[in-house]
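K.L.:
Provided below are the primary sequence and the corresponding predicted coordinates.
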Amino acid sequence: MGKWTFTPAPSDRAQGETAALHHEGLKIDLNYSSSIFEDFLEAMSSIRHEFNRRSHGAALPATCGTDGRSRQDSLV
C-alpha cells in the first residue's frame, strides 16, 4: 500500500478495535469498510501473484529500460 500501513482488526472483535490505516502518525479507523478493504487487498494480492506467475521469464519489450519500467511511464 505504498507508505500507508494496513492493520487488520483483531480476530476477537469483542475488544472493540477496528481495522485501520496508518501513515506518519495519522490513523484512519475503518469502522464500516474494513471487510471490503480486506477483500480488496486480497484481490490485489491475487492479481499481483497471477501477473508475476504469467510474466515470469517473459522477455521485456524493447520500450523498457534496464529497470523493466516503460521509458514513458512516470512513478506515481
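P.N.:
That came through, no problem. If you're wondering where the values come from, they're calculated on a predicted model, not measured in any experiment.
K.L.:
Please tell me how far the closest residue to Leu30 other than its chain neighbours sits from Ser45.
P.N.:
Spatial nearest neighbour of Leu30, excluding adjacent residues (C-beta to C-beta, 6 or more residues apart in numbering): Ala19 at 4.4 Å. Bear in mind the C-beta positions are built from the backbone N, C-alpha and C, glycine included. For Ala19, the distance to Ser45 equals 16 Å [C-beta to C-beta, to the nearest Å].
K.L.:
These two: which is more packed in?
P.N.:
Taking other C-beta atoms under 10 Å, Ala19 and Ser45 do not tie; Ala19 has more neighbours (18 against 10).
K.L.:
and the nearest residue to Glu17 once chain neighbours are set aside, helix, strand or coil?
P.N.:
Using C-beta to C-beta, 6+ apart and skipping the chain neighbours, the partner closest in space to Glu17 is Pro10 (5.5 Å). Classification of Pro10 by DSSP: H, G, I helix; E, B strand; the rest coil places it in coil.
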